[in-house]
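Q: A predicted structure for the sequence below; I have some questions about it.
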4 protein chains.
Amino acid sequence: MPKSNSSVNSGSERALSPLQEKIYRIIFEADTPAGKAFDVALLIFIVLSIILIMAESIQSLNQKYGELFRILEWVITIGFTVEYLLRIYCLKKPKQYIFSYFGIIDILSILPTYLGLVFASSHYLTVIRSLRLLRIFRIFKLNRFVKDSNTILIALRQSRRKILVFLFFILMINVVMGTIVFAFENETNPGFSSIPQSIYWAIVTLSTVGYGDISPITVGGKIIASIIMITGYSIIAVPTGIVSVEINKASKPENLEPRTCKSCLSEGHESDARYCNKCGEKL
Amino acid sequence: MPKSNSSVNSGSERALSPLQEKIYRIIFEADTPAGKAFDVALLIFIVLSIILIMAESIQSLNQKYGELFRILEWVITIGFTVEYLLRIYCLKKPKQYIFSYFGIIDILSILPTYLGLVFASSHYLTVIRSLRLLRIFRIFKLNRFVKDSNTILIALRQSRRKILVFLFFILMINVVMGTIVFAFENETNPGFSSIPQSIYWAIVTLSTVGYGDISPITVGGKIIASIIMITGYSIIAVPTGIVSVEINKASKPENLEPRTCKSCLSEGHESDARYCNKCGEKL
Amino acid sequence: MPKSNSSVNSGSERALSPLQEKIYRIIFEADTPAGKAFDVALLIFIVLSIILIMAESIQSLNQKYGELFRILEWVITIGFTVEYLLRIYCLKKPKQYIFSYFGIIDILSILPTYLGLVFASSHYLTVIRSLRLLRIFRIFKLNRFVKDSNTILIALRQSRRKILVFLFFILMINVVMGTIVFAFENETNPGFSSIPQSIYWAIVTLSTVGYGDISPITVGGKIIASIIMITGYSIIAVPTGIVSVEINKASKPENLEPRTCKSCLSEGHESDARYCNKCGEKL
Amino acid sequence: MPKSNSSVNSGSERALSPLQEKIYRIIFEADTPAGKAFDVALLIFIVLSIILIMAESIQSLNQKYGELFRILEWVITIGFTVEYLLRIYCLKKPKQYIFSYFGIIDILSILPTYLGLVFASSHYLTVIRSLRLLRIFRIFKLNRFVKDSNTILIALRQSRRKILVFLFFILMINVVMGTIVFAFENETNPGFSSIPQSIYWAIVTLSTVGYGDISPITVGGKIIASIIMITGYSIIAVPTGIVSVEINKASKPENLEPRTCKSCLSEGHESDARYCNKCGEKL
């Protein structure tokens, strides 16, 4: 096994039997017909299990087919459990998978049904299964989609600090404004019964959702509400501007890749540069 | 017919009689006075037919003028049918038209009235006629508008994968969040009667529409709702950023491709430049 | 009068008496103390007249002070009429003012009160006076503000065709979607009583306003509504992208001004160009 | 004291005793363990005091624990008062702090409780304490966050005039549109009882909040409402475009000013460039 050489320092590793190798190829790879078939079948099962949870929550359906739903739920859960155990069984380094993003999602997809035997309400957490659908990108070899999601994710990661600062300000505006409106409305309007409730209303207003279940009735409350609305309407520009700039940067890696200086190996030269701006060598 | 030579390999083609040629020039071209008059008349008829459908749907008007409406509807439908048949009659390659965007819209504009003889409810589908209004760009030779819509369409096409990825994430957020709020609200709030209903509510909230027909009443539900609102308020930045970048690219495509200076090989010259702005050589 | 020479071909012109010149300087110019005082007083009167209209519309105030309000209204209207006549009186070419933007706003600000003598309902049109407030930019010599509004206006003008195309598509989406939801909801939901009403609802939904006075109750209606909401939430990116790009262009006129080719007088050369890209001369 | 020399012209200054110096280092600096502990404790107290105000506003909690809340409120207020006095005590130039942003926030955080002894309603103003949380950036040495907030603030400051012009137009649209809808709705719709009320509705609509507590019922009102909605939906693009452009500029300010090549005079070199990328000369 020549491969194991290069990864000797990346954790505990075990040798695989031919059966394990075969299972590995079916479950983790989508190149062979069997592997592709497995992945498509898995996706269909995930979608079915989500539809099942939804159907179960509709009372009229649940009364008629409740028994069937529960049986199907267990069939799917046991199927997912077997799949999970097989994934662990066929890997050289199971720990790496178990604590990876998909490993955690996979165990969270089956746990709620088992927990449901003890705690009734945990049952709906099975909807976490829908996160397994993210495999869709991997399965259909949607490389361009993966590349595009990466562009978005890079842009979001690059702007995460700016967005956190923005959310922090948003939260403070909501706390202060919610309390001010509370002072105005509290006595006449039952909708503004407490400050947390008023902050909830401020969030509903600032985000321009505007349910209307709570709305100000005093003149002062309406004036503050108008200020919140126009603020919310205008400062949406801030995250948009931040993300636009970052997506702009993230979506032009062409300049960045091919322009490497042969003399000093520095990267990221502008597309119209004629000389390396690090060492002065001609590009 | 010298023309047929060059397009010999683009499908079946038939010779046109002088009458067919004349009809062709009136219906398909807008250069001659007759052709322009036809196109304007057609537009007016399309608008009238849309107004007619709307008027029909207003009960008070329908009770009074119902008979008149039905007669006018048939007059317009028969007129459109004759026009459709003429279009097929006067073309060298009718198939190309029939399966083109406008060919399909044109047949969909008249079918519902005929189907209405059999299925009563299909009648309102005639509103598809409004899509025929897209001819407006062609008729008035609104070249600059067509060019501008192309810029938008190119930008949307370029960003379609990124937007699909975005919509996929949106959908998953809605499924997961809708279910979590369902778990909180289900017992006390009749608005959250099932998971699909809660997902509908999550979409209403995340998109910042906020009807208010359903809104959370438990503390947990309100906290999750606040998270959905602020998320929806913030991540609108993502599609905006994507499309901004693409429109930016699409609105200056002339510069990028063909203009390379033969002397110094610099690129990106403006579309109306006559000399290279790097070395002064004629482009 | 040497000035009249140069403008001889720009319309009928009359000589001004010293009195006319003096009034001109007070009313139309803001350089002298008297001119500035006049302009500030005018602004205050405009704001007062707007507050007056608002106060009049509040029943409780109107019952108490109705008589006073009507007197003040006539005082202000007669004041504005005198001002309007003086403006015409002191100008060399009154026609140019009368048909200018501000000339039309000024006459529209006083007409409704006079028309109110004949038609009672026209009274509220006096609110058009608020448009006179645009003078604020001129009066306080807010040059930088004027420059900034120009940037916005240029960006909007440059993108007007793209935005019109966008609005046209929005309208068609609303017509088609409104009709489809009408077909679903019509029988069970009194809110969707006619197609125009359903289109109104579609506009409320697509623009993410979401009053909630009308909302779908059938499953089909909710699914179409979800599609409209997510569409509305996503395609806001289009006008934003268009305007961002144009504001970006409009807000960097630095490159455009100083770079004029001395040889062929062409303008708008890129800031890093070393040779004129029109005639090849060195810049 | 050599320091006082250089700042001799920046206001009255006093010598500090060793005790004052020690307090200064604990309160104003976060480098020493004691200073950091103080800052973290302060933050926790601020958060606790905000939670306390919220809890007090919830009636059911207030009835039970009202006495406890009032005691805690006074404990925190006296604590903050001591802190405020210590801050003044240990500074060389107390005036500079007293009239700084944080100095004003700090006094506003304690005043309402004392004023509450006289005016009952002023009590809720203590929520202004939440603004003290802005210290969080300083305390945790969140330099990168500070830098990022600066980028946002610079962008907002640069675009403040454009945004003010925009808000001015928004306000005028709301005044004019609100009055027009008032003229339509006034007689049939109790929601549109006065012009200020209609303007409030116009703001709710234009900002796409859409509570639904007031909504038009006449045909004319609905048409104007549709226009306001589509306007509001479209012109959100304006502030977004403005801020995007400014954030773009603000997030790369290093490049622009100081980097000019001495050899070929080309500008705009990247901040980390060591050689001119036009002529290869050292920068």
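A: Right, received. Where do you want to start?

Q: Contacts only, for the residue lying closest to residue A:108 once chain neighbours are set aside.
A: Among residues not flanking residue A:108 along the chain, residue A:128 sits closest, at 4.8 Å (Cβ to Cβ, 6 or more residues apart in numbering or on different chains). For the C-beta atoms, the positions are set from N, CA and C on the backbone; glycine is no exception. Listed by Cβ atoms under 8 Å, 6 or more residues apart in numbering or on different chains, the contact set of residue A:128 reads A:105, A:108-109, A:112, B:176.

Q: Next to chain C, which bits of chain A? Give me the list.
A: Selection of chain A residues close to chain C by Cβ under 8 Å from any Cβ of the partner chain yields A:208-212, A:240, A:244.

Q: quick one: is the helix or strand containing residue A:45 near chain B?
A: Using DSSP states H and E, residue A:45 maps to helix A:33-57. Yes. Counting by Cβ under 8 Å from any Cβ, chain B is contacted by helix A:33-57 at A:50, A:53-54, A:57.

Q: Adding neighbour count and distance to chain D, write those residues out as a markdown table.
A: Shown next, in a markdown table, are the residues of helix A:33-57 next to chain B (neighbours: other Cβ atoms under 10 Å in any protein chain shown; distance: Cβ to the nearest Cβ, whole Å):
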| residue | neighbour count | distance to chain D |
| --- | --- | --- |
| A:50 | 19 | 31 |
| A:53 | 23 | 32 |
| A:54 | 21 | 28 |
| A:57 | 24 | 27 |
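
Q: do you know how far residue A:189 is from residue B:172?
A: 37 Å (Cβ to Cβ, to the nearest Å).

Q: Those two: who's more crowded?
A: Taking neighbours as other Cβ atoms under 10 Å in any protein chain shown, residue A:189 and residue B:172 compare with residue A:189 leading, 18 against 14.

Q: residues near the nearest residue to that one once chain neighbours are set aside, how many?
A: Closest residue to residue A:189 apart from its sequence neighbours, by Cβ to Cβ, 6+ apart: residue A:217 at 5.2 Å. Residue A:217: 13 surrounding residues under other Cβ under 10 Å.

Q: Equivalent analysis for residue A:114, please.
A: Using other Cβ under 10 Å, residue A:114 has 11 other residues around it.

Q: So for it, what pLDDT did the model give?
A: Note for residue A:114: predicted pLDDT of 85.

Q: chain center to the helix or strand harbouring it: distance?
A: Using DSSP H and E, residue A:114 sits within helix A:101-116. Centroid separation between helix A:101-116 and its chain, computed with Cα atoms, centre = their mean, to the nearest Å, is 16 Å.

Q: So which elements touch it?
A: Secondary-structure packing of helix A:101-116 (3 or more Cβ pairs under 8 Å, 6 or more residues apart in numbering or on different chains; DSSP states H and E): helix A:59-89, helix A:94-98.

Q: who wins for proximity to chain B among the ones you listed?
A: Of all the helices and strands packed on helix A:101-116, it is helix A:59-89 that lies closest to chain B, at 7.0 Å by Cβ to the nearest Cβ.

Q: How far off centre is that closest one?
A: Mean C-alpha position of helix A:59-89 versus that of the full chain (Cα atoms, centre = their mean) differs by 24 Å.

Q: other SSEs contacting that helix?
A: On a contact count with 3+ Cβ pairs under 8 Å, 6+ apart, helix A:59-89 meets helix A:18-28, helix A:33-57, helix A:94-98, helix A:101-116.

Q: Just put those in JSON lines and tack on distance to residue C:28.
A: Shown next, in JSON lines, are the helices and strands packed on helix A:59-89 (distance: least, Cβ to Cβ, whole Å):
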{"stretch": "helix A:18-28", "distance to residue C:28": "81"}
{"stretch": "helix A:33-57", "distance to residue C:28": "70"}
{"stretch": "helix A:94-98", "distance to residue C:28": "79"}
{"stretch": "helix A:101-116", "distance to residue C:28": "70"}
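
Q: quick one on the thing from earlier: just want the angle from the helix holding residue A:114 to helix A:33-57.
A: Here helix A:101-116 runs at an angle of 40 degrees relative to helix A:33-57 (axes from the mean of the first three to the mean of the last three Cα atoms, to 10 degrees).

Q: Could you list the buried residues of helix A:101-116?
A: Using 16 or more other Cβ atoms under 10 Å in any protein chain shown as the burial criterion, the residues of helix A:101-116 that qualify are A:103, A:105-106, A:109-113, A:116.

Q: could you give the angle of that helix to helix A:59-89?
A: Put simply, helix A:101-116 runs at 130 degrees to helix A:59-89, going by the same axes, to 10 degrees.

Q: Could you see whether chain B lies near stretch A:201-211?
A: Yes. Using Cβ under 8 Å from any Cβ, stretch A:201-211 reaches chain B at A:203-204, A:206-211.

Q: I'd like the list of these that fall within helices, please.
A: A:203-204, A:206 (DSSP state H).

Q: Residue D:68: which of these is nearest?
A: residue A:203 (28.6 Å; Cβ to Cβ).

Q: Distance check, the one residue in the stretch 151-283 of chain A that gets nearest to chain C against chain B.
A: The nearest approach of the stretch 151-283 of chain A to chain C comes at residue A:212, 5.6 Å away (Cβ to the nearest Cβ). According to Cβ to the nearest Cβ, to the nearest Å, residue A:212 and chain B sit 4 Å apart.
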